[in-house]
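Asks: sequence and predicted structure below; questions after.
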Amino acid sequence: MHVAVAGNIGAGKTTLTKLLAKHYKWEAQLEDVVDNPYLDDFYNQMERWSFNLQVYFLNSRFRQVLQIHQSGKEIIQDRTIYEDAHIFAPNLHAMGLMTNRDFENYSSLFQLMESLVKGPDLLIYLRSSIPNLVSQIHKRGRDYENSISIDYLSRLNERYEAWIHGYDKGKLLIIDVDNLDFVDNPEDLGSIINTIDAEIHGLF
């Protein structure tokens with residue numbers, strides 16, 4: 001079984017992925033942030049490094065999806081290949097931070113990859129307001145995220161909502177995280193797990 005957690009920067013994807021992996025004894029596939037050689041450069045000079053960064057993520061995520069399907073294990077994945085292609089890359093293109101030529105090249109590569117993989121059995125989307133995202137980003141204090149603007153987060157949020165509205169790759173569970181504290185409040189985590197249980201039992 002393949003479960004994936006989607007959501008904007010600061011929505012709590014990695015944290016929830018780890019908590020659910022522990023609870024269900026699933027294997028966690030986390031986003032390659034630490035070893036990503038482009039992130040620092042990208043946040044300092046978005047226009048120069050946007051294409052490189054997006055291709056790196058696309059390659060990393062495609063490799064993950066292939067490994068998930070080949071492994072036959074029960075895996076929960078932090079962020080999907082679709083978010084790169086439907087949210088981050090088009091947003092950079094729309095902001096003038098990725099050229100038409102690079103965006104077309106990127107989109108063509110994604111379409112080829114998408115034709116070779118299927119969507120997760122269950123997608124969990126963490127919906128969050130901008131103030132909550134900003135608060136979470138400041139709380140974790142990653143240097144390269146200090147320059148993320150509210151405008152950038154807002155644009156991403158709009159694209160996330162549009163993508164989720166038309167999502168048709170499989171089962172979808174939307175969790176509003178603004179008033180949830182699944183890290184320090186066991187009841188909040190419990191209510192998420194109960195909701196997921198209901199969805200998973202519906203998969204079989």
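Replies: Arrived safely, thanks for sending. Numbering: from 1, shown residues only.

Asks: all strands of the chain, in order?
Replies: For the chain, strands defined by DSSP state E occupy the ranges 2-7, 27-29, 75-78, 122-127, 171-176.

Asks: what packs against the first one?
Replies: Helices and strands in packing contact with strand 2-7 are listed as helix 13-24, strand 75-78, strand 122-127, helix 150-165; criterion 3 or more Cβ pairs under 8 Å, 6 or more residues apart in numbering; DSSP states H and E. For the C-beta atoms, the positions are set from N, CA and C on the backbone; glycine is no exception.

Asks: wait, Lys13 sits on Gly7?
Replies: Yes - counting by Cβ atoms under 8 Å, Lys13 touches Gly7, with 5.0 Å between them.

Asks: hang on, the earlier thing: deepest of the strands of the chain, which one?
Replies: Sort the strands of the chain by mean neighbour count, taking mean count of other Cβ atoms under 10 Å, and strand 2-7 sits at the top with a mean of 26.

Asks: parallel or antiparallel, list what pairs with that strand.
Replies: Within its sheet, strand 2-7 is paired with strand 75-78 (parallel), strand 122-127 (parallel), according to DSSP bridges.

Asks: now render the strands of the chain as TSV, adding distance to His165 and mean pLDDT.
Replies: Shown next, in TSV, are the strands of the chain (distance: least, Cβ to Cβ, whole Å; pLDDT from 0 to 100):
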stretch	distance to His165	mean pLDDT
strand 2-7	13	95
strand 27-29	26	93
strand 75-78	21	94
strand 122-127	11	96
strand 171-176	10	94
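
Asks: got these as JSON lines, with distance to Glu104 columns?
Replies: Shown next, in JSON lines, are the strands of the chain (distance: least, Cβ to Cβ, whole Å):
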{"stretch": "strand 2-7", "distance to Glu104": "25"}
{"stretch": "strand 27-29", "distance to Glu104": "29"}
{"stretch": "strand 75-78", "distance to Glu104": "27"}
{"stretch": "strand 122-127", "distance to Glu104": "27"}
{"stretch": "strand 171-176", "distance to Glu104": "29"}
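
Asks: closest one to Leu133 among these?
Replies: For the strands of the chain, proximity to Leu133 was assessed by Cβ to Cβ; strand 2-7 is nearest, at 9.1 Å.

Asks: roughly how far does Asp178 sit from Met113?
Replies: Distance, Asp178 to Met113, using Cβ to Cβ, to the nearest Å: 33 Å.

Asks: who has more neighbours, these two?
Replies: Met113 (18 against 12; other Cβ atoms under 10 Å).

Asks: relative to Arg127, how far out is that one?
Replies: Distance, Met113 to Arg127, by Cβ to Cβ: 26 Å.

Asks: still on that earlier bit, relative to Ile137, which of the helices and strands packed on strand 2-7 is closest?
Replies: Proximity to Ile137 (Cβ to Cβ) singles out helix 150-165 among the helices and strands packed on strand 2-7, at 8.2 Å.
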